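[1] Need a 3D model of the following:
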Amino acid sequence: MPKRLNAVVSWVLTFLVMVIIGLPGLWVILSGFRPNREILAKPAVWVPERLSLDNFAAIFGLGDTQVAIPVANYFANSLVIAVTSTVIAIAIGMSGGYAFARFRFRFKNGVFLGLMLSRTVPGIALSLPVFMVWSRIGLIDTQFGLILVYVALNIPFTIWLIDGFFRQIPKELSEAGQVDGCTRWQAFWRIEFPLARSGIASAAIFAFLTSWNEYALASNLTRSTDSKTLPVGLMDFTAQFTIDWAGMCAMAVIIIVPALALTFLVQKHLIAGLTFGGVKG
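    Next comes the predicted model:
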């Protein structure tokens, strides 16, 4: 009986904590589907009177009320930057993680420690030095400049994460494949890569979400619709004396949906990858 009671209390507390954590996100989502007057109402209106797509139509330039903000451009920029930086970071991270897990070379531990220490530096602390360097080489307000920054931010984490997964795969599997006639490259792609696929997918999700949601660096390195991302574009809804909360919340929903969709699509790989690489040998 005490065990069952403890389980019930644990589930109730977990549910309450999740409700508290998810309440702001739920408020943002609901506010994306209702008018400004209802969002600003006092006392707060928790249950919307009517849900509509008017806010979304307005920010995309449709319907009677239009907002002069290029949301489609911001979305395209975010997608290109996040996908490109993720692919590059995973390609480098997979190579680096495999090298750290499988090979011995000089200064291996020192290089690995250096990569991990570089990841501890907060992005906002890099804003000024990156801005100064990028301004000198002409990468301010370019997608390529932001992609380089996100690749540099994601590589240490992806190397660390993927290294843990490859360490869990016995070397004997690759060696057996090479004995049977596979080259080192074939043994990697046919034997080791499929086993580490869940871990690589986990690293890719984290890298994508980091690039997709990042604001501090993007706000300093972008200026125009050619490179602005969705999180930076949220500030376009603010004016000197007013804030278009309805439009801002609608755009926030557009930011949230792709991230949620991606997570749900690959949730099996994500859970398997996190549990597989949870303990390093």
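
[2] Next up, the contacts around residue 221.
    Applying C-beta atoms under 8 Å, 6 or more residues apart in numbering, we find residue 221 in contact with 130, 131, 134, 139, 140, 141, 145, 146, 149, 227. All C-beta atoms are positioned from the backbone trio N, CA, C, and that covers glycine.

[3] Helices - which of those residues land there?
    130, 131, 134, 145, 146, 149 (DSSP state H).

[4] hmm, which two among those are most spread apart?
    Distance extremes for the ones in helices among the contacts of residue 221: the farthest pair is 131 and 146 at 11.9 Å, using C-beta to C-beta.

[5] Of those two, give the one with the bigger neighbour count.
    Using other C-beta atoms under 10 Å as the criterion, residue 131 and residue 146 rank with residue 146 on top: 30 against 16.

[6] ok, now how distant is the spatially closest residue to the more buried one that is not a sequence neighbour from residue 7?
    Among residues not flanking residue 146 along the chain, residue 81 sits closest, at 5.3 Å (C-beta to C-beta, 6 or more residues apart in numbering). Distance of residue 81 to residue 7, computed by C-beta to C-beta, to the nearest Å: 45 Å.

[7] More neighbours: those two, which one.
    Neighbours per residue (other C-beta under 10 Å) separate residue 81 from residue 7, with residue 81 holding more: 24 against 10.

[8] Just the mean pLDDT for whichever strand or helix holds that one, thanks.
    Using DSSP states H and E, residue 81 sits in helix 71-102. Averaged across helix 71-102, pLDDT comes to 91.

[9] Could you tell me which residues within that helix count as buried?
    By neighbour count with 16 or more other C-beta atoms under 10 Å, helix 71-102 contains the buried residues 71, 73-75, 77-78, 81-82, 84-86, 88-90, 92-94, 96-102.

[10] Summarise which helices and strands that helix is packed against.
    helix 108-119, helix 143-167, helix 193-213, helix 230-233, helix 245-265 (3 or more C-beta pairs under 8 Å, 6 or more residues apart in numbering; DSSP states H and E).

[11] Report the angle between it and helix 108-119.
    Orientation check (axes from the mean of the first three to the mean of the last three C-alpha atoms, to 10 degrees): helix 71-102 against helix 108-119 gives 160 degrees.

[12] And helix 71-102, how far out from the chain middle?
    10 Å (C-alpha atoms, centre = their mean, to the nearest Å).

[13] and if you look at stretch 226-233?
    The answer for stretch 226-233 is 15 Å, by C-alpha atoms, centre = their mean.
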